[in-house]
Each structure stands twice: as structure tokens, then as C-alpha cells.
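Novice: After the sequence you'll find the predicted model.
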Amino acid sequence: MDSIEKGFADHARVLEETKALIPVVREMADVMSQALHQGHKILICGNGGSAADAQHIAAEFIGRFHNERISLPAVALTVDTSILTSVANDYSYDVVFSRQVEGLGQEGDVLWGITTSGNSGNVIKAVEAAKKKGLKTIVSSGKDGGAIRGMADISLVIPSDVTARIQEMHMLCAHLICEIIDEESWGNE
Ligand SMILES: O=C(CO)[C@@H](O)[C@H](O)[C@H](O)[C@H](O)COP(=O)(O)O
Ligand SMILES: [Zn+2]
């Protein structure tokens, strides 16, 4: 088997095993849907590929996923280079997301942290800051769940040790969550 065939095979195996987490994906969608219907927003963060995922997901909510509906409030905490560089420079890279949670987060909002290892300090601190401010917390992770395991209200721990395979499942689940929320009635709320 070459590396491409192995990649397909591994992806299929992880996909099959991730099906056991469908109830967790549903719970994530329910929590975010409820928060959005109550006028709250979603803050999303992660590093590297997961930063791209955070931006991708925020775009699905603010723009559109498939259906025509109102814009839903979601912010990727990974996009403002002035905030990221000043906070990292003046404080530490570990607080680039938590500082934004402190400034932007309000009780009832949802913080969605994405970290394949569960060990990224800035995502861990974002969850801690969110809990302190009364936000609901959701974490998408993998491997053994890492240091963030058990911290969030809901955790989606993908059963794989391979960062890329975990990220692929994260985005599949994120798209399905966007689809569930997209299909709800949003009227002119
Ligand atoms: O996209 C990839 C690997 O597929 C990388 O950019 C990866 O996201 C980075 O190494 C991240 O820093 C990993 O952080 P985390 O998922 O462990 O929180
Ligand atoms: Zn990647």
C-alpha cells in the first residue's frame, strides 16, 4: 500500500470509528443552536490548520452554508493580526485567544476551541477564560484528549493519533453542525 492508499484507508477507519460520536456532534449543534436563537454568539479558536478551520466555520455562520437565512454571529479569534501580535508581544502567545474571550465574550456565548492534541496552551487558556465569564465551552480534539480533556462542557475527541486525520473529522463534524443549524427556522430573528 502506498502512502496515498494508506491515507484513504486510515481516513475510512477513523471515519467509521468517529460514527460513535454522532450523539456528541448532535449535542454540539444543540448547544450552539440554542445560544444563537437566544441572541448569543460563537467564538472559535485554534492553531495552524485548526485556525483555518475556525475561520472556515465562522464564514459558514456569518455568510451562508447552503440555505438563505439571516447572518448568524460567529467570530474566529485567529484573524486580527494586530490583536494577535500585540497580545503575543506584550503578554504571551498563550493568552492570544483568552484575552479576546475576556474582551468579547459574554455570558451565554459559546467558545469553540479546536486542538488536535488537546495541549495547545492558548486554547486551554481560552476555555478557562470562557468558563470564568459564563460562556458555554466546546472542544474538538483528538489523540488522548490532552490536557484540555474534561475541561469543556462538551468534548469531541476524535479516535486517532494522526493530526491530519483528526482535522479531517473535525471539519466533517463542523460541516454537519452547520447543516443542522442552517436547516432550522431563523425567520427575521
Ligand atoms: O495543519 C496542521 C497539520 O495538519 C498544522 O498546521 C497544525 O495545525 C499545527 O501544528 C498546530 O499548531 C497543532 O496544534 P494542535 O492541533 O495540537 O492544537
Ligand atoms: Zn494540515
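Specialist: Received, thanks. Keep in mind that what you see is a predicted model, and the values were worked out from it rather than measured. Numbers count the residues shown, from 1 in each chain. Ligands and ions are numbered 1, 2, ... in the order given.

Novice: Could you point out the longest helix of this protein?
Specialist: Secondary structure assigned by DSSP state H gives helix 163-182 as the longest helix of the chain.

Novice: what's in contact with that one?
Specialist: 7, 10-11, 14-15, 18, 21, 25-26, 28-29, 32-33, 36, 49-50, 53, 56-57, 60-61, 64-67, 69, 72, 114, 116-117, 140-143, 156, 158, 160 (CB atoms under 8 Å, 6 or more residues apart in numbering). C-beta coordinates here come from the backbone N, C-alpha and C atoms, glycine included.

Novice: is any part of that helix close to ligand 1?
Specialist: Yes. Helix 163-182 is in contact with ligand 1 by CB under 6 Å from any ligand atom, via 163-164, 167.

Novice: which residues in the protein form helices?
Specialist: So, for the chain - with DSSP H - the helices run 3-18, 22-37, 49-62, 81-90, 98-104, 121-133, 163-182.

Novice: Check Ala76 and give its pLDDT.
Specialist: pLDDT, the model's per-residue confidence, is 98 for Ala76.

Novice: who does it bridge with?
Specialist: Ile44 (DSSP bridges).

Novice: My guess is it contacts Ile44. True?
Specialist: Yes. Using CB atoms under 8 Å, Ala76 makes contact with Ile44 at a distance of 5.2 Å.

Novice: These two - which one has more neighbours?
Specialist: In this view Ala76 and Ile44 are compared by other CB atoms under 10 Å, and Ile44 has more residues nearby, 28 against 23.

Novice: OK, contacts around that one?
Specialist: So Ile44 contacts 53-54, 57-58, 74-78, 111-114 (CB under 8 Å, 6+ apart).
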